[in-house]
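Chemist: Let me see the structure of the following:
(chains A and B)
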Amino acid sequence: MIHLRDHLDELAEAAAREGRTAGPMAAIRRGRQRRRRLAGGTAALLAAVLVAGAVGAENLGPGGRDLAPASPPTRPRFPAKLATYTPNGSAEAAVLRLLTDRSEGLGACKGGRPKDVRIIAVGPLPDRQGVWMIAARPPLPGEQRLCWMFAFGNERNLGAPVAYAGQPPLLASLRAMASGDPSKLIVEGYVTKQAARVRFILAGGKPPLDLEPLQSGSEFPVNFFVAVVPWPGSKEQLPVERLIALDASGRAITSCWLGDRDPSCGRERWR
Amino acid sequence: MASTEGFEAFYAGAVGRLLGQLLPVTGDLHEAEEVVQEAFARASVRWTRLRDYDVPEAWVRRVAMNLAADRARSLRRQTRAMLRLGPPPQVPAASAEAVALLAALRTLPVRQRQAIVLHHLVDLPIEEVARTLGTRPGAVKSLLARGRRALANRLSDAEEVLNSP
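Modeler: Below you'll find the predicted structure:
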């Protein structure tokens, strides 16, 4: 029996009890920051965007592979600080703006050093559809949670980013999320640094595909990965069923299931 | 400091209530936290004016509702057919029935969710819901009727939902 009012009240009480906001002073600071931005101060990022630099150019090759971390960085320039990163082209700038706009969410994430948001990696989407980015905040010593964010798109069409505005989930040895459209599935996540590869077990008995994680640097306890997998035919079944983290000798470290049937790759977000 | 005098007390008094009202609209506790905090941030820079309002909380609620709707629309527009598959939404601990209701609410258009929350949870009369949502009372009645019908279908408990006050 569903009593609408009773259960709305119950939900409201539960949200009031368990909801965590950053508090009134944080709201005041955020309001002031927003006002400054609107007043023409523009985000520090946008100023940085205009600074000349060649960072990022070679990471944006045309097209895309079926399953790839979309060109791992070829120079040791990641993780770059968001404020010092110079995007290459308007598509990348648009995604970076999205990342900045929503970085209030990442900024409010309960974890890591305040105002220290790093771009872990940038890469192209297939068929020149734009770019993706991963950003994260280095966790403080002993911290067991990780504030990270994935965004993708171009100057016209920006995809929904993953971001944690509140307390992020506990660190896991393997975590992944996915977005799909009629032609492809984008899978992003992070994995323990013990893992040399992430194996994608594909649906329909297709041969598995391996992916090398993107190195995040010593300040992060995990490495990240992004993959774009073709998704032809029926949308009833995900093209990727399972992810397995493998060490350098090929031994499985951990694994998780993707999708909505038993989505253990993101389950630990539940408290 | 004078420009924010009284803001902390206002925040402390209203934040829990607003989180409770925005959760059924966003369907996700983190999203609710985010839009409520952003609405308070916007209120803070207008506080010298808002504090003289009869019910400044109504202003913050309206902004939060608009932000929630903007985010929902933006998500739909930006991603079109895209479907995000994980992780599951963050929901507070509640009874199975309440969680089922939250899941059913998530399937409704955001305007229907807003109308249901404002009318059935916040207890606003139809005319006030219409003012908050920037629409006509007739449209609110339609949103409520369609929303309740859709909830009834999803919860397979038509009589109770349709007859709810």
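
Chemist: Listing request: residues of chain B with sub-threshold pLDDT.
Modeler: Chain B contains residues with pLDDT under 70 at B:1-2, B:73-90, B:157-165.

Chemist: Could you list the domains of it?
Modeler: B:1-92, B:93-165 (automatic domain parsing).

Chemist: Figure out which of the ones you listed is closest to A:N154.
Modeler: Minimum separation from A:N154 across the domains of chain B (CB to CB) falls at domain B:1-92, 10.7 Å. C-beta coordinates here come from the backbone N, C-alpha and C atoms, glycine included.

Chemist: Assign the nearest residue to A:E155 once chain neighbours are set aside to helix, strand or coil.
Modeler: Distance criterion CB to CB, 6 or more residues apart in numbering or on different chains; nearest residue to A:E155, sequence neighbours excluded, is A:A94 at 4.0 Å. Of the three states, A:A94 takes helix under DSSP: H, G, I helix; E, B strand; the rest coil.

Chemist: correct me, but A:A94 touches A:N154?
Modeler: Yes: contact status for A:A94 versus A:N154: in contact at 6.0 Å, counting by CB atoms under 8 Å.

Chemist: Can you pull the residues that touch both of the two?
Modeler: Residues touching both A:A94 and A:N154 by CB atoms under 8 Å, 6 or more residues apart in numbering or on different chains: A:G130.

Chemist: Now for chain A, the helix or strand with the poorest mean pLDDT.
Modeler: Least confident helix or strand, chain A: helix A:44-50 with a mean of 27, by mean pLDDT, DSSP states H and E.

Chemist: That one: what's the following helix or strand?
Modeler: strand A:80-81 (DSSP states H and E).

Chemist: Identify all contacting residues around that following strand.
Modeler: In contact with strand A:80-81 (CB under 8 Å, 6+ apart) are residues A:V55, A:D116, A:V117, A:R118, A:I119.

Chemist: Just the CA atoms of the longest helix seen in chain B, as CSV, please.
Modeler: Ordering each helix of chain B by length in residues (DSSP state H) puts helix B:56-79 first. C-alpha atoms of helix B:56-79 as CSV (Å, rounded to 0.1, in the frame of the first residue of the first chain):
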residue,chain,number,x,y,z
PRO,B,56,12.8,33.6,2.4
GLU,B,57,12.8,29.8,2.4
ALA,B,58,10.2,29.9,-0.4
TRP,B,59,12.6,31.8,-2.6
VAL,B,60,15.4,29.2,-1.9
ARG,B,61,13.0,26.4,-2.6
ARG,B,62,11.9,27.9,-5.9
VAL,B,63,15.5,28.4,-7.0
ALA,B,64,16.4,24.8,-5.9
MET,B,65,13.4,23.5,-7.8
ASN,B,66,14.4,25.4,-10.9
LEU,B,67,18.0,24.2,-10.6
ALA,B,68,16.8,20.6,-10.3
ALA,B,69,14.6,21.0,-13.4
ASP,B,70,17.5,22.6,-15.3
ARG,B,71,19.8,19.8,-14.5
ALA,B,72,17.2,17.2,-15.5
ARG,B,73,16.5,19.0,-18.8
SER,B,74,20.1,19.6,-19.5
LEU,B,75,21.0,16.0,-18.9
ARG,B,76,18.2,14.9,-21.3
ARG,B,77,19.1,17.5,-23.9
GLN,B,78,22.8,16.9,-23.7
THR,B,79,22.9,13.2,-23.7
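
Chemist: Identify whichever of the domains of chain B lies nearest to chain A.
Modeler: Nearest to chain A among the domains of chain B is domain B:1-92 (2.8 Å), distances taken as CB to the nearest CB.

Chemist: how far does the closest one sit from the chain's center?
Modeler: Here domain B:1-92 is found 8 Å from its chain centre; the criterion is CA atoms, centre = their mean, to the nearest Å.

Chemist: What is the strand or helix carrying A:S179 packed up against?
Modeler: Secondary structure assignment for A:S179, by DSSP H and E: strand A:174-180. Secondary-structure packing of strand A:174-180 (3 or more CB pairs under 8 Å, 6 or more residues apart in numbering or on different chains; DSSP states H and E): strand A:184-192, strand A:240-246, strand A:252-257, strand B:83-84.

Chemist: Restrict it to CA atoms and write it as PDB.
Modeler: Extracted in PDB, the C-alpha atoms of strand A:174-180 (Å, rounded to 0.1, in the frame of the first residue of the first chain):
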ATOM      1  CA  LEU A 174      38.200  -1.500  -9.200                       C
ATOM      2  CA  ARG A 175      35.400   0.900 -10.000                       C
ATOM      3  CA  ALA A 176      33.700   1.600 -13.300                       C
ATOM      4  CA  MET A 177      30.700   3.300 -14.800                       C
ATOM      5  CA  ALA A 178      29.300   3.500 -18.200                       C
ATOM      6  CA  SER A 179      27.300   5.600 -20.600                       C
ATOM      7  CA  GLY A 180      25.700   4.400 -23.700                       C
END
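
Chemist: Show me where the stretch 151-271 of chain A dips below the pLDDT cut-off.
Modeler: The model of the stretch 151-271 of chain A has pLDDT under 70 over residues A:157-166, A:180-182, A:235, A:259-263, A:266-271.

Chemist: mind checking how far A:A121 is from B:R61?
Modeler: 39 Å (CB to CB, to the nearest Å).

Chemist: When the two are compared, which one has more neighbours?
Modeler: Between A:A121 and B:R61, A:A121 has the larger neighbour count (other CB atoms under 10 Å in any protein chain shown), namely 26 against 23.

Chemist: Tell me if I'm right that the more buried one and A:V131 touch.
Modeler: No: using CB under 8 Å, A:A121 is not in contact with A:V131; the gap is 10.4 Å.

Chemist: sorry, back to before: can the domains of chain B go into CSV with extra columns for distance to A:S218?
Modeler: Converted to CSV, these look like this (distance: least, CB to CB, whole Å):
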stretch, distance to A:S218
domain B:1-92, 27
domain B:93-165, 38
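
Chemist: could you dump these to JSON lines with distance to chain A?
Modeler: Shown next, in JSON lines, are the domains of chain B (distance: least, CB to the nearest CB, whole Å):
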{"stretch": "domain B:1-92", "distance to chain A": "3"}
{"stretch": "domain B:93-165", "distance to chain A": "4"}
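
Chemist: show me what contacts the residue lying closest to A:G189 once chain neighbours are set aside?
Modeler: Closest residue in space to A:G189, ignoring its immediate chain neighbours: A:A176 at 3.2 Å, by CB to CB, 6+ apart. Residues in contact with A:A176 (CB under 8 Å, 6+ apart) are A:V187, A:E188, A:G189, A:F225, A:L243, A:C256, A:L258, A:C265, A:G266, B:G86.
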